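Build the 3D model from these lines:
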Amino acid sequence: INGSLNNTILNSQEHGGFIGLHNKLHTHDFIINSTINTGSLNSKTDFATITDDYTNVWFGIATDIAYNIKLSNNFNLYPDLFIGYTWTKNQKQDEVYGTALQNHTFGFFEISPGLKATKHFGLNWFGTLNVKYTTILNTDKNLTINDAIYELPTIGDYTEYGIAIEKHTTNFVFNANINRRDGDLSGWSGGLNIKYVF
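Alright, predicted model coming up:
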């Protein structure tokens, strides 16, 4: 992970990385994807005479269970349920405004039922429509700054839906997608992805 943001009054840098393992189990018409990952991200922001520099480390585990409903030779529906847990620990920081942020660990669960429809157009071209409803549950409720306890902000439920087109070759998968979120999180996202399979 390597990113930067610069304008006339602010300079922000992010450096870090993560590593993980993925396993896919396909039995009968059930598809179970499981992942485990860990990583670290250092963020440094310079704003006027103020410097904010901190590091977060995290550990995550998740599984997605889907059922394949074959409507035709080239059209499938996949109702699925995603369940994930992420644990994050922040580094103690006392530079900004003279405040002291005590070491904390944060944990949250994500539960997302969804539905995906996939169409194979031929020549290894695929189109996908998807929708999911996400609930995030914090296991931690408070944050301590200068020995004062504050309630953590929470993310409410939101719905995400999108469309993607994908091309498969012998060793590559090319994907373009666009998504919309409505609810406590709202806005647009999209991406162009290239995957090499070996």
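
Flag the helix or strand of this structure with the lowest per-element mean pLDDT.
Lowest by mean pLDDT, DSSP states H and E among the helices and strands of the chain is strand 142-145, with a mean of 70.

Find out how far the very next helix or strand once past it is from the centre of the chain, if you would.
Counting by DSSP states H and E, the next helix or strand C-terminal to strand 142-145 is strand 148-151. Centroid displacement of strand 148-151 relative to its chain, using CA atoms, centre = their mean, to the nearest Å, is 27 Å.

Can you list the strands that strand 148-151 pairs with?
strand 142-145 (antiparallel) (DSSP bridges).

Is it correct that Asn2 is in contact with Ser43?
No: if you go by CB atoms under 8 Å, Asn2 and Ser43 don't touch, sitting 11.9 Å apart. All C-beta atoms are positioned from the backbone trio N, CA, C, and that covers glycine.

Do a quick rundown of the strands in the protein.
Here the chain has its strands, by DSSP state E, at 2-6, 10-27, 30-47, 50-67, 69-72, 75-90, 105-122, 125-138, 142-145, 148-151, 158-168, 172-183, 187-196.

These: lowest mean pLDDT?
Among those, strand 142-145 carries the lowest mean pLDDT, at a mean of 70.

between Asn2 and Ser43, which one's more packed in?
A count of neighbours by other CB atoms under 10 Å puts Ser43 above the other of Asn2 and Ser43, at 15 against 8.

Enumerate every residue touching the closest residue to the more buried one other than its chain neighbours.
Leaving aside its sequence neighbours, Ser43 sits nearest to Glu14 (CB to CB, 6 or more residues apart in numbering; 5.1 Å). Neighbour list for Glu14: 1-4, 41-44 [criterion: CB atoms under 8 Å, 6 or more residues apart in numbering].

What's the PyMOL line that selects buried ones from the residues you listed?
Applying 16 or more other CB atoms under 10 Å to the contacts of Glu14, the buried members can be selected in PyMOL as follows:
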select buried, resi 41
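
how close does the spatially closest residue to Asn74 that is not a sequence neighbour get to Ala148?
Spatially, and ignoring its direct neighbours in sequence, Asn74 is nearest to His120 (4.0 Å; CB to CB, 6+ apart). Note on His120: its distance to Ala148, by CB to CB, to the nearest Å, is 57 Å.
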